[in-house]
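>>> could you work out the structure for the sequence below:
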Amino acid sequence: MIFFNHNKWLRFTVWIGALIFLTCCLRGGANAAFALEMDPDRWPIKLSASDVPSAEPSSNTAAVVIRRCDDINTASAGDLQRVKGIGAAKAQAIINYRNQFGPFESLNELTRVKGIGPATIENFRSANFCVPESTRSGNSAEPEAEPPSNDPAPTDCSNINTASATDLQRVKGIGTSKAQAILDHRNQIGTFESLDELTRVKGIGPATIENFREAGFCARESTSTDDESQAQEPSEDSTDSNCTNINAANASDLERVKGIGPAKAQAILDYRKRSGTFQSLDELARVRGIGPATVANFRSAGFCIHESSGTGNHSEDQSQSSLDDSTTTASSCDNINAASAADLERVMGIGPIKAQSILDLRHANGAFRSLNALLEVQGISPPTLRNFLDAGFCVEVPDTAAPLEKPAPVPYARSLYGSWWDEDGDCQDTREEVLIANSRIAVNLDEAGCEVIAGEWLDVYTDSVIVDPKWIDIDHFIPLAEVHRSGGMEWTYVDRVMYANDLSKDGALIPVSAGTNRSKGDRDPAQWLPPNESYHCQYIERWIALKETWKLTMDPDEHQAVEEIQSKCMQDPEISASSGLDQ
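Reported below is the predicted structural model:
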């Protein structure tokens, strides 16, 4: 019999295997020992650290795993939406940016798209997106330099001291109100020495400043070139050719004025078409919702009356205004009264359901006489109306259409005045904008940057301080039901929604304690005044100003109460001084 020594045989086998393995490693290791130094955003091949074999003989040899990446410069909206945190709106924003500014040079450049930060960029990398050299605008393969952590001062950064409101609004967390606040601070206090000085603007904290850095902003002194590019702000109704003619301005021009959104811009265009050219900027106060403060904003924004248009001779520019939907010709626009569902669905924010609702409304009520009539469709707000104008829609009323009759008064219902809207698309609706604008300290926002979770507000109705927004109501200074009784029943839907979302300074909205707001209800000064007596004079002054601005009436009891309080305020200097009326 032959006996095998199993232990010796096992040791022999292990040694032979180890010898063969070591020989393979020594041969293959030298060939596999290579270093790849590449920008991960630039190559259509992704290699992870575990994918690259080590040059050390003792390491295990592994095959290089090659994974094709998705090119950010050719990705469709559907491709982009598979990235965590990217929905339809952000996907479209990326495509719009790419179409406007050209291909991305690096994934880091995505931070220039509003609402996208470093965390989302990492999500793109995790989802295997890259920027291949073939789709880059330049030919250099050098990796893009990382921006320094402090304020950069390269010639290609966006100078915070010359940036326009549009430039500022591409920064995450910056909407129309905050952009205007930055411009106001810059005009009143002077140029920013560094981006950190932005914290002096109400509503802007360290996190938002980082967003400015990520969007490529820096602080530089204005150069002569910068100064020349900025239009001189006229103090009167100048006829300088460099100013913007109010009688030729389109909706986009008007919306760059503080306090003017799509709805008010359209109201100005409608008034101009109906009543003829403005003879003075002061005439703007005849448009519902525009008061003296807003007229001053038009002057500050460089608007004027050109002699050629103020005398009734319409300028060539005015005749070409593309946003007056009723004067655009069929050759240059799509008639909303002939549009199919497929035509309507190419408008951003309009899907099959809303498109069918528009067709149903048109079938039930006849041809639309203005694009404003679309606001009667549930889910369509003034910002969506703007999308119709941008998509080239207009209104052509058939000659056979019945004459437009004045609508009968409608009983009050809260739904007639719409809900809070997000006019500037920064995810902060009207309530949040009011909280941000009125907080005495920089507010804290939730993780998404949309909802205010802390701040400090003075409730002038009770002369108390509130730090938790959950205890705050946004009061319509003149209650909606009172507005309706005083003339709002004859307004169009767009006028009602404009009032309900009025963000102008000393306008229709004010943050107060929830309990006080609910005790006020829909009562006028004849029936209710704030518990804080020192605020009575200011309350009445603001009430009168809003009634005049929005062309609202007063009933006899209300008028008498207002006159009595005004008289008391004028007779008692102490009351007037405590209310701030002597300032």
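>>> what stretches of this protein score poorly on pLDDT?
Along the chain, the model assigns pLDDT under 70 to residues 1-10, 13-14, 21-68, 134-156, 176, 188, 221-242, 307-332, 397-409, 573-583.
>>> helix, strand or coil for Asn211?
Here Asn211 is recorded as helix under DSSP: H, G, I helix; E, B strand; the rest coil.
>>> tell me the spacing between the nearest residue to it once chain neighbours are set aside and Gly392.
Leaving out its chain neighbours, the residue that sits closest to Asn211 by Cβ to Cβ, 6 or more residues apart in numbering is Lys172, at 4.4 Å. Every C-beta, even on glycine, is put in place using the N, C-alpha and C of the backbone. For Lys172, the distance to Gly392 equals 30 Å [Cβ to Cβ, to the nearest Å].
>>> list the contacts of the residue nearest to Asn211.
Lys114, Gly115, Ile116, Gly117, Thr208, Asn211, Glu214, Ala215, Gly449 (Cβ atoms under 8 Å, 6 or more residues apart in numbering).
>>> do the same with Thr549
Ala285, Gly289, Ile290, Gly291.
>>> surely the third one and Glu283 touch.
This means Ile290. No. In this structure, Ile290 is not within contact of Glu283 by Cβ atoms under 8 Å, at 9.8 Å.
>>> comparing these two, which shows the higher neighbour count?
Ile290 (24 against 19; other Cβ atoms under 10 Å).
>>> name the SS class of that one, please.
Applying three-state DSSP: Ile290 is coil.
>>> in space, what's closest to it - neighbours in sequence excluded?
Leu284 (5.2 Å).
>>> which ones are touching the one you found?
Ile246, Ile268, Phe278, Ile290, Thr294, Val295, Phe298.
>>> which one of those residues has the most neighbours?
In the contacts of Leu284, the most neighbours by other Cβ under 10 Å go to Ile246, 26 neighbours.
>>> if I look at that residue, how far off is Leu359?
As defined by Cβ to Cβ, Ile246 lies at a distance of 36 Å from Leu359.
>>> now swap in Ala119 and tell me
Relative to Leu359, and taking Cβ to Cβ, Ala119 is found at 42 Å.
>>> got it, and Val483?
32 Å.
>>> which residue of these two possesses the greater neighbour count?
Val483 (26 against 15).
>>> got a list of what that one touches?
Val483 neighbours (Cβ under 8 Å, 6+ apart): Tyr417, His476, Arg496, Tyr499, Trp550, Leu552.
>>> highest neighbour count among these?
Tyr499 leads the contacts of Val483 on contacts (other Cβ under 10 Å) with 26 neighbours.
>>> all the strands of the stretch 301-450 of the chain, residue numbers only.
Remark: strands assigned in the stretch 301-450 of the chain by DSSP state E, counting those that start in this stretch are 303-304, 334-335, 393-394, 444-445.
>>> which one of those lies nearest to Ile540?
Nearest to Ile540 among those is strand 303-304; the distance by Cβ to Cβ comes to 31.7 Å.
>>> just give me the neighbour total for Ala338.
When neighbours are counted by other Cβ under 10 Å, Ala338 comes out with 12.
>>> just how off-centre is stretch 463-478 within its chain?
Mean C-alpha position of stretch 463-478 versus that of the full chain (Cα atoms, centre = their mean, to the nearest Å) differs by 24 Å.
>>> how long is it end to end?
19 Å (Cα to Cα, to the nearest Å).
>>> next, the buried residues of that stretch.
Using 16 or more other Cβ atoms under 10 Å as the test for burial, stretch 463-478 gives Ile466, Pro469, Ile472, Asp473, Ile474, Asp475, His476, Phe477, Ile478.
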